[in-house]
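Undergrad: Following is a predicted model, sequence given first.
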Amino acid sequence: MAQPYVKKDDDHDDELEYSPFMGIEKGAVLQEARVFNDAQVDPRRCSQVITKLLYLLNQGESFTKVEATEVFFSVTKLFQSKDTGLRRMVYLIIKELSPSSDEVIIVTSSLMKDMNSKIDMYRANAIRVLCRIIDGTLLTQIERYLKQAIVDKNPVVSSAALVSGLHLLKTNPEIVKRWSNEVQEGIQSRSALVQFHALALLHQIRQNDRLAVSKLVGSLTRGSVRSPLAQCLLIRYTSQVIRDMSNHGQSGERPFYEFLESCLRHKAEMVILEAARAITELDGVTSRELTPAITVLQLFLSSPRPVLRFAAVRTLNKDENMFHRTLNAKLEPQVAMTHPMAVTNCNIDMESLISDQNRSIATLAITTLLKTGNESSVERLMKQITNFMSDIADEFKIVVVEAIRSLCVKFPLKYRSLMTFLSNILREEGGFEYKRAIVDSIVTIIRDIPDAKESGLLHLCEFIEDCEFTYLSTQILHFLGIEGPNTSDPSKYIRYIYNRVHLENATVRAAAVSTLAKFGFMVESLKPRITILLKRCIYDSDDEVRDRATLFLSVLGGDGTVDTDKDSTEFLFGSLEVPLVNMETSLKNYDPSEEAFDINSVPREVKSQPLAEKKAQGKKPTGLGAPPAAPASGFDGYERLLSSIPEFAAFGKLFKSSSPVELTEAETEYAVNVVKHIFDNHVVFQYNCTNTIPEQLLERVNVIVDASEAEEFSELTSKALNSLPYDSPGQAFVAFEKPAGVPAVGKFSNTLTFVVKEVDPSTGEAEDDGVEDEYQLEDLEVVAADYMVKVSVSNFRNAWESMNEEDEHVDEYGLGQRESLGEAIKAVIDLLGMQPCEGTETVPSNARSHTCLLSGVYIGNVKVLVRAQFGMDSSKEIAMKLAVRAEDASVAEAIHEIVANG
């Protein structure tokens with residue numbers, strides 16, 4: 001008889017939870033496991049011990065090889081018991097122990113006996129265990145039994161065999177693929193679960209054959225699937241086939257759409273929801289195709305069952321990131337953002353869900369309404385949300401805040417009510433992520449809506465008066481320093497900023513000093529007052545605060561006039577144009593001398609280390625057994641290598657080194673890649689060569705370059721490689737001269753020439769005589785992107801506005817037909833070789849227009865910014881409006897010329 005449920009006393013601590021396994025130890029349980037060896041087996045006690053062992057295994061407790069073996073052999077003795085409950089526990093523990101191949105033989109005979117037993121429960125479980133623990137050799141012996149089990153009349157046995165097939169397909173695909181006929185019969189089964197598992201296995205068997213999957217879907221969509229579970233699976237496979245056909249350029253009427261629409265009339269709710277979700281996710285779905293799905297979802301919004309309401313409103317929404325984080329549910333991009341007008345019909349039903357007891361449903365409803373509502377409904381929605389916010393967790397609040405941010409950008413005339421709402425919730429209790437989302441929203445509104453600047457800045461000032469998060473305080477102070485001096489009355493912000501110097505920690509105090517200096521620099525009337533405040537800061541207890549105050553006092557000067565030279569402006573308001581890691585490396589390598597440190601000497605590219613190299617670190621032999629050093633890589637390494645070669649030392653400062661370009665295919669006799677080194681007047685090709693044949697030694701290795709298709713280049717010099725032993729990388733160089741500062745382009749043909757000498761494998765000595773030979777390499781191109789270094793900017797808008805507007809060059813281009821905006825944007829980025837900023841390289845699903853922001857440094861160290869606006873019409877023709885600003889007007893023209901010729 002089972003033990004009664006143990007109820008906790010009311011006096012006990014509420015946080016303590018009762019567990020029947022609390023305090024059990026592995027040693028004690030292993031001692032108890034000796035009960036398996038008793039002559040008279042006690043099924044109840046044995047089951048309890050197995051349960052404890054399973055608990056320990058699932059809690060991560062590790063068993064030694066000896067302990068696991070002893071338990072396994074003891075458990076096998078329990079097969080003599082006829083108790084059904086104990087037998088099921090034996091199956092479980094054998095699966096969890098995962099016995100080795102030599103131990104499996106001990107239990108195989110018992111499991112095969114059970115697999116042919118008259119008791120269906122034994123048969124099903126024995127199949128699952130056998131398929132879990134045996135290898136391919138034993139699998140061939142029981143394959144006949146598994147085929148029979150798939151078509152067994154008992155659905156439990158059949159389902160067990162099919163599920164086992166899904167697992168075995170990963171390790172023994174050749175054997176499982178021979179079961180197709182039996183699996184096909186399983187699809188015709190009357191059992192819902194068997195049909196579901198059979199369809200899943202058959203699809204897995206055929207998944208790599210697109211035509212076979214299409215035929216499978218075509219045959220099953222005619223109505224032979226009765227199981228709701230299998231029907232949901234079929235809908236997913238149908239959606240996959242539709243996507244594949246669309247990706248392979250098949251046009252005309254969408255195939256299988258009629259099947260998806262017919263599933264909207266299925267009697268099972270799960271099938272209806274799956275079909276509606278599939279239709280909303282179709283690429284390029286039209287309003288006509290969407291209407292039936294929206295109608296069904298609208299009916300579910302008023303369902304008495306919370307799960308249906310949640311599923312319907314989630315499908316209509318597009319808040320996948322938040323719910324993936326909070327509910328561990330993968331939510332696909334849905335229709336509220338892509339077809340807002342289609343969802344508008346559901347707004348009345350969704351408004352009633354704002355007061356739903358399930359907060360997940362309420363949050364999805366309110367965010368969907370914010371995305372699909374019109375300007376007249378904003379005030380009403382804000383009143384409803386005010387009462388709603390206090391009842392939900394921070395994760396849900398963040399979603400609402402982000403939706404409000406989008407709504408404000410969509411309806412700028414409503415910024416006052418939206419800004420008031422954001423400022424009110426900013427004063428309430430909340431965690432860091434929630435507060436940051438609100439601050440980011442206010443900052444976005446200030447940047448996008450000029451009229452909202454002054455009220456928004458005051459809200460932020462009030463927030464930092466009582467802000468407990470250092471990061472947010474410093475970010476707001478930085479933003480105040482940029483936007484505050486340009487307001488009608490900058491002096492009203494000084495009090496809030498200076499309060500931080502007295503009341504905050506050292507990090508915030510240092511940020512406040514920097515912000516004060518920006519006000520003093522930009523607003524001449526405030527400079528005397530700012531100077532007094534900064535002088536008080538030089539007695540601060542923190543070094544950083546004192547140093548900043550002293551530095552900014554020096555920059556501002558003491559003569560009563562504001563220093564407006566370009567260097568000071570760049571120092572206070574400019575962003576660091578070089579990567580911090582490169583700056584740190586250059587400062588460490590700098591030797592103090594009479595020559596000052598030059599920031600222009602800091603490389604602007606960061607060479608990311610390949611993943612394979614990172615994994616290999618620490619595993620390579622060192623000392624005498626280590627292989628020869630690989631060629632120098634990374635900008636610093638290339639620069640040192642080239643400057644050490646006399647032929648190239650006079651070329652000046654290296655501007656850029658490209659990533660290696662492979663000139664040979666994998667697994668060829670000789671592996672060669674090339675790195676393009678760009679100088680102002682020269683281009684150097686570094687050919688990295690590797691000999692992959694152990695029996696050969698290569699000498700006098702050189703690359704003959706044909707520049708007949710690169711008219712602006714003239715070969716200047718070359719440097720051959722004297723010797724290239726097996727598996728020892730070496731470099732050959734060829735240098736070309738080109739017009740100064742001109743982005744010359746062209747194609748180069750390459751031929752590897754060398755002398756081959758045979759090597760005696762026994763002695764490792766090479767023969768004296770050799771044979772001249774050559775090896776044709778792939779062609780190499782120098783393109784316009786080679787003259788551009790990718791450099792990101794932290795604030796694109798400020799960087800854009802700091803450049804002279806008169807030097808801006810704007811033109812429009814037609815980019816022809818493309819599959820998507822993303823494809824066109826990638827092509828332009830690759831053509832120019834520039835760095836996308838602020839994540840603008842990512843295009844929302846089904847977007848018809850997009851703006852991409854790019855930044856870089858052109859040869860000659862000329863800073864370039866690009867704002868590219870893309871649009872796509874119904875025929876997928878792409879148009880682009882390109883605006884370019886550069887420190888040199890001729891460079892802006894050159895960028896347009898590159899695009900025009902690209």
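TA: Good, I have the coordinates. Numbering: from 1, shown residues only.
Undergrad: In which helix or strand does residue 189 reside?
TA: Assigned by DSSP states H and E, residue 189 belongs to no helix or strand.
Undergrad: before we move on, could you check phi and psi at it?
TA: In terms of degrees, to the nearest 10, the main-chain angles of residue 189 are phi -60, psi 150.
Undergrad: my guess is it meets residue 158, correct?
TA: Yes: at 6.8 Å, residue 189 and residue 158 qualify as touching, with contact defined as CB atoms under 8 Å. From N, CA and C alone the C-beta is placed, and that goes for glycine too.
Undergrad: out of those two, which sits in the busier spot?
TA: Summary of the neighbour comparison: residue 189 and residue 158, criterion other CB atoms under 10 Å, with residue 158 having more neighbours (27 against 24).
Undergrad: would that one count as being in a helix?
TA: Yes: if the criterion is DSSP: H, G, I helix; E, B strand; the rest coil, then residue 158 is within a helix.
Undergrad: what sits against it?
TA: Residue 158 is in contact with 149-152, 186, 189, 191, 194, counting by CB atoms under 8 Å, 6 or more residues apart in numbering.
Undergrad: Okay, and which of these map to helices?
TA: Where the contacts of residue 158 overlap with helices, as defined by DSSP state H, the overlap consists of 149-150, 186, 194.
Undergrad: is it possible to export those residues to JSON lines including pLDDT, distance to residue 716 and neighbour count?
TA: Putting those into JSON lines (pLDDT from 0 to 100; distance: CB to CB, whole Å; neighbours: other CB atoms under 10 Å) gives the following:
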{"residue": "149", "pLDDT": "88", "distance to residue 716": "76", "neighbour count": "25"}
{"residue": "150", "pLDDT": "90", "distance to residue 716": "73", "neighbour count": "27"}
{"residue": "186", "pLDDT": "88", "distance to residue 716": "73", "neighbour count": "26"}
{"residue": "194", "pLDDT": "91", "distance to residue 716": "75", "neighbour count": "28"}
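Undergrad: Residue 469: which of those residues is nearest?
TA: Nearest to residue 469 among the ones in helices among the contacts of residue 158 is residue 194, at 56.4 Å by CB to CB.
Undergrad: quick one: contacts for the closest one?
TA: Counting by CB under 8 Å, 6+ apart, residue 194 makes contact with 155, 158-159, 162, 186.
Undergrad: Buried residues, stretch 778-791. List them.
TA: The neighbour-count criterion (16 or more other CB atoms under 10 Å) identifies 780, 782-791 as the buried residues of stretch 778-791.
Undergrad: Stretch 656-666 too?
TA: Applying a neighbour-count criterion of 16+ other CB under 10 Å, the buried positions in stretch 656-666 are 656-658, 663-664.
Undergrad: Now for residue 464, how many residues are close by?
TA: Look at residue 464: counted by other CB under 10 Å, it has 24 neighbours.
Undergrad: Same check on residue 469?
TA: 17.
Undergrad: what's the nearest residue to it if we skip its chain neighbours?
TA: With sequence-adjacent residues excluded and distances taken as CB to CB, 6 or more residues apart in numbering, residue 469 is closest to residue 432, at 5.4 Å.
Undergrad: Which pLDDT does the model give residue 50?
TA: Turning to residue 50, the model gives it a pLDDT of 91.
Undergrad: Could you do residue 531 as well?
TA: The confidence metric pLDDT takes the value 90 at residue 531.
Undergrad: Okay, now the unreliable bits of this protein?
TA: When residues are selected by pLDDT under 70, those of the chain lie in 1-19, 99-102, 247-254, 318-345, 372-375, 558-577, 604-634, 741, 845-846.
Undergrad: ok, longest helix in it?
TA: The residue-count maximum for a helix in the chain (DSSP H) belongs to helix 228-247.
Undergrad: Report the buried residues of the helix or strand just after that helix.
TA: Tracing the chain C-terminally past helix 228-247 and defining elements by DSSP H and E, one meets helix 257-263 next. Neighbour-count burial for helix 257-263 flags 257, 259-260, 263 (criterion: 16+ other CB under 10 Å).
Undergrad: Who are the contact partners of residue 807?
TA: With CB under 8 Å, 6+ apart as the criterion, the residues that contact residue 807 are 885-886, 888-889, 892.
Undergrad: how far away is it from residue 885?
TA: Shown here: residue 807 relative to residue 885, a distance of 6 Å by CB to CB, to the nearest Å.
Undergrad: Sketch out the strands for the stretch 651-800 of the chain, chain order is fine.
TA: 656-657, 661-662, 670-678, 682-691, 696-709, 714-719, 721-724, 730-737, 746-758, 771-776, 780-782, 788-790 (DSSP state E, counting those that start in this stretch).
Undergrad: Output these as a markdown table; include the columns distance to residue 478.
TA: As requested, those are exported to a markdown table (distance: least, CB to CB, whole Å):
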| stretch | distance to residue 478 |
| --- | --- |
| strand 656-657 | 31 |
| strand 661-662 | 41 |
| strand 670-678 | 35 |
| strand 682-691 | 41 |
| strand 696-709 | 50 |
| strand 714-719 | 49 |
| strand 721-724 | 52 |
| strand 730-737 | 46 |
| strand 746-758 | 46 |
| strand 771-776 | 57 |
| strand 780-782 | 41 |
| strand 788-790 | 24 |
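Undergrad: Show me the one of those that comes nearest residue 878.
TA: Each of the strands of the stretch 651-800 of the chain was scored for nearness to residue 878 using CB to CB, and the closest is strand 788-790 (22.1 Å).
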